[in-house]
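*Asks:* got a sequence here, can you build the structure:
(3 chains)
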Amino acid sequence: MNQKHYKLEQLARFIQGELIGNPELDIHGLASLAFATDKNISFVNGEKYLEQAKCSKAGVLIVTEELKDHLSSNFSNFSNFLVVKDPYLAFATLTHVFEPKREQFHIESTAQIHPSAIISDSAYIGHYVVINENCVVGDGTVIESHSKIDTGVEIGQHCFIDSHVTITGFSKIGNNVRIHANTVIGGEGFGFAPYQGQWHRIAQLGSVIIGNNVRIGSNCSIDRGALDDTVLSNGVIIDNLVQIAHNVHIGENTAIAAKTGIAGSTVIGKNCILAGACGVAGHIKIADNVTLTGMSMVTKSIFEAGTYSSGTGLFESGQWRRTIVRLRQLADVPLTKVIKRLDHIQTQVESIESNLKMRK
Amino acid sequence: MNQKHYKLEQLARFIQGELIGNPELDIHGLASLAFATDKNISFVNGEKYLEQAKCSKAGVLIVTEELKDHLSSNFSNFSNFLVVKDPYLAFATLTHVFEPKREQFHIESTAQIHPSAIISDSAYIGHYVVINENCVVGDGTVIESHSKIDTGVEIGQHCFIDSHVTITGFSKIGNNVRIHANTVIGGEGFGFAPYQGQWHRIAQLGSVIIGNNVRIGSNCSIDRGALDDTVLSNGVIIDNLVQIAHNVHIGENTAIAAKTGIAGSTVIGKNCILAGACGVAGHIKIADNVTLTGMSMVTKSIFEAGTYSSGTGLFESGQWRRTIVRLRQLADVPLTKVIKRLDHIQTQVESIESNLKMRK
Amino acid sequence: MNQKHYKLEQLARFIQGELIGNPELDIHGLASLAFATDKNISFVNGEKYLEQAKCSKAGVLIVTEELKDHLSSNFSNFSNFLVVKDPYLAFATLTHVFEPKREQFHIESTAQIHPSAIISDSAYIGHYVVINENCVVGDGTVIESHSKIDTGVEIGQHCFIDSHVTITGFSKIGNNVRIHANTVIGGEGFGFAPYQGQWHRIAQLGSVIIGNNVRIGSNCSIDRGALDDTVLSNGVIIDNLVQIAHNVHIGENTAIAAKTGIAGSTVIGKNCILAGACGVAGHIKIADNVTLTGMSMVTKSIFEAGTYSSGTGLFESGQWRRTIVRLRQLADVPLTKVIKRLDHIQTQVESIESNLKMRK
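*Replies:* This next block holds a predicted model:
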């Protein structure tokens, strides 16, 4: 790639930061504190990175307003700073400045596009992309090589669809949506009617509706609804290898980390955070503002906002085996009764003791 | 898509249902009770949907014979019904009636097919499909765009292979098999011999044998056997993101939900149900008619039919942390002895009390 | 495929084994003990396979030196043996002898390769492969159909990249690396800065660095780093459907089984074994020589080599529900105090009893 570079005063403007130091300094990129050179800008994301920051070779540090008054004492070997409210947000903004961007938007000659499809003149369609009947692709949208946009799929503006993505099931996708490589949107839901010992397939007739500013990682499966639609609301972000089953609804700005699975017809609220590898049963509801820690197992609806967890944690394996032996005994040990019996016996013993004392 | 529509009497014939109402009624599709309009047919899947059904705007309801006698009292604002034994099965049947079907079967000009491959004249081969030496594709089979059918793979009749599927390892696939997008069949099993601190790859020489009426979801990995074959028997249904390791055998009509993984050489019986995200260890056996609830962890063979479960369930996180602290103490607390000691002490105390009474 | 065949004396040389029997015997392949015929060679991997071996129809058995002295007693119906130190390693070696190998190395006419890319004359580039600007592909490397090698990616010598692989994010891949079908290397990490209730995307500017002799299964996601790189060291082997998040480092010769996920910035040591479906939290460290059993949940750093486990194991579901009820009571039951109280009460009771005896 052609390495981008900017003067420090330009970067200060992008993040609306206060510049302390040399405005003409030429910056070639962002870097972590550990690996930054004098051509790099780095950021101090809170007190706990202070010691690491002091040893950094970065040419510029992004710091908080709180740190500003102590720059000379803390960072005597640095001479360039950008002072902002939220260094992590400033860093996020600058990643977009240094990110390589596609410059040419056109349709590669090898793309197979059905004549009925409507493709914006400002879209990029990569090599060997296949777009079927009645599809729509909006302005500024990039569809990378080999992706398959099946019949009736509509994709909004300024989306990024990486390679080998399959979008089918008449899915409708909003604006500024990012879908990473090898993900499948609108695949058939897992619907079967059992009858006389066999599974009878239920053809899935619903679709997938994806709002604006949604992000879906690589190797995800988002199934189309059985009759109604599977819905990802505006601002939902999803990591890699996530399963969203048919008819699931995910509320606005909910974040779902890698390897999580949501079973059919479950409704998840707004602003939830599901950490990695959670499993959520079907046909339940999760309230707004619920956080699930990693590997949580949700089998019932959650009605209260809050943080929830599952699992035994990690044990040294010998200790784990002994613990599991006890756990298997637990069902037959009336724990709460044990305490009551202890209390009762203690009372008896004390009564006997005072009785004996009196007899002395 | 061209929306299909049918007269109600046609639909009644498809599902062998008793028609009550207007046989000429024009029906444009299936819909859920909540979203149905007067052009839609909906179904009442048991008593618990009764209240929801009463408020539906559906033009027709599929109901059970049990409900038939109470139609006027329960559904006074409906005038059209189909009465059947099993409304869910009738619904499953009707989804196929309304499902859009491919009408043209041919080989797209961009498909790369080795001259030695035998492709039925009635198969459809999509754009950019690659089919290598000695492959066979049967009558009426659809292979969607970009799929890769590697050397020696054989696919039966009336199969559906969605886009970006990779079939390799000389896999043999039966009739009426559906494989959804981006799934890999016959990839190399994870076989390595440890020697002097390094992993020595074992080239996998077995294959994958898939029976008839098997269904595999999207983003699955079904590995080829090391020497013998990995086998999915007739009627097996598999959801998305499922891992089936080398040499695994799955018995007839077993269902495996999303995100489950089966480790190498394990044999699973017939008519089992593995819910989502289960993990099954390698080299074990699971009997017929075993059900595993979601996220079950199976480390030993299961010899008895029945339902099995794992995990702690979900806790509010503060409560969870306190519970885990106790769980960590459990290994050192002789639970069953506690009860015995309590019993023993109680006996002692009672004996003392009666002794004291006698002395009065 | 053209079935390969070898004389027994050739096979003996490949594995440096002692030949007992007919050196001219024609062997058509490896087979398991159960399915071997008289044209096959099979192996006895330790004492526990002895009984099965005795019933095998294999033409040749690979056995240990320990078994050599008892061949006539144990295997009276066999006349051909190869005697080696490690039969499993010998078997691993022979799989490579019988594995079908690609014979022609060239670039298929349908591959789209940017003029700036440097492709070795001895590489094979399959149909519909797309290779972008400034890529490098080394000697003897095979890239199967439909794979996408994005801008700036470099791939070493003698690698095997199966179909539908996406390599992006300027990843650098060493020699003798195998990447199986539909895997994504260098996809965008899941990095977002929360601000005013929304998620602000952090463009990922790091890369993925993969050493030599690394193996990655199918449907994996290995994300590029945020600023620094994600690193897989020499000799790492990874199974299918594995998630490696941004900035993770995996040490040499560590093995990771299917469905495991490693969250961002975690560092895993050398020679570790992570069994299937483990979940490892972000920003932690795992020491060298750590083994995690299946479905382990790691939320804190592991500083000591050893074996670690998680989970409750499997229960019959009724028993499981009863156990979970007790587990939920556990937080409120002071287990260690119960034992202390029991000890205390017992002392009291004994003291009362001796007191009473003395009074007699």
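*Asks:* list the contacts of the closest residue to residue A:187 other than its chain neighbours.
*Replies:* Leaving aside its chain neighbours, residue A:187 sits nearest to residue B:218 (4.3 Å; criterion: CB to CB, 6 or more residues apart in numbering or on different chains). Glycine gets a C-beta too; all of them are placed from N, C-alpha and C. For residue B:218, the contact set (CB atoms under 8 Å, 6 or more residues apart in numbering or on different chains) comprises A:166, A:184, A:187, A:221, B:162, B:180-183, B:240-241.
*Asks:* let's see if you can find the most crowded of these.
*Replies:* Highest neighbour count within those, by other CB atoms under 10 Å in any protein chain shown: residue B:182, with 35 neighbours.
*Asks:* next, work out how far apart that one and residue A:218 are.
*Replies:* Between residue B:182 and residue A:218 the computed distance is 10 Å (CB to CB, to the nearest Å).
*Asks:* and for residue A:193?
*Replies:* 33 Å.
*Asks:* circling back: narrow the contacts of residue B:218 to those in strands?
*Replies:* Among the contacts of residue B:218, the residues falling in strands (DSSP state E) are A:166, A:184, A:187, A:221.
*Asks:* so residue A:356, which of the three states?
*Replies:* At residue A:356, secondary structure determined by DSSP: H, G, I helix; E, B strand; the rest coil is helix.
*Asks:* give me the number of residues near it?
*Replies:* Other residues close to residue A:356 by other CB under 10 Å number 16.
*Asks:* list the contacts of it.
*Replies:* Listed by CB under 8 Å, 6+ apart, the contact set of residue A:356 reads B:356, C:352, C:355-356.
*Asks:* hmm, stretch A:167-179 touching chain B?
*Replies:* Yes. Using CB under 8 Å from any CB of the partner chain, we find that stretch A:167-179 touches chain B at A:168, A:170.
*Asks:* spatially nearest residue to residue A:190 (excluding sequence neighbours)?
*Replies:* residue B:239 (4.2 Å).
*Asks:* need the distance between the two termini of stretch A:135-151.
*Replies:* 6 Å (CA to CA, to the nearest Å).
*Asks:* pLDDT weak spots in the stretch 101-250 of chain A?
*Replies:* By pLDDT under 70, the stretch 101-250 of chain A contains no weakly predicted segment.
*Asks:* get me the contact residues on it for chain C.
*Replies:* Proximity of the stretch 101-250 of chain A to chain C, by CB under 8 Å from any CB, involves residues A:108, A:110, A:126-128, A:144-146, A:162-164, A:178, A:180-182, A:213, A:215, A:217-219, A:235, A:237, A:239-241.
*Asks:* out of these, which sit inside helices?
*Replies:* Judged by DSSP state H, the subset of those located in helices is empty.
*Asks:* drop anything exposed from those residues.
*Replies:* For those, a burial check counting by 16 or more other CB atoms under 10 Å in any protein chain shown picks out A:110, A:126-128, A:144-146, A:162-164, A:178, A:180-182, A:213, A:215, A:217-219, A:235, A:237, A:239-241.
*Asks:* and for residue A:275, the neighbour number?
*Replies:* Around residue A:275 there are 23 residues (other CB under 10 Å).
*Asks:* let me redo that: residue A:327
*Replies:* 24.
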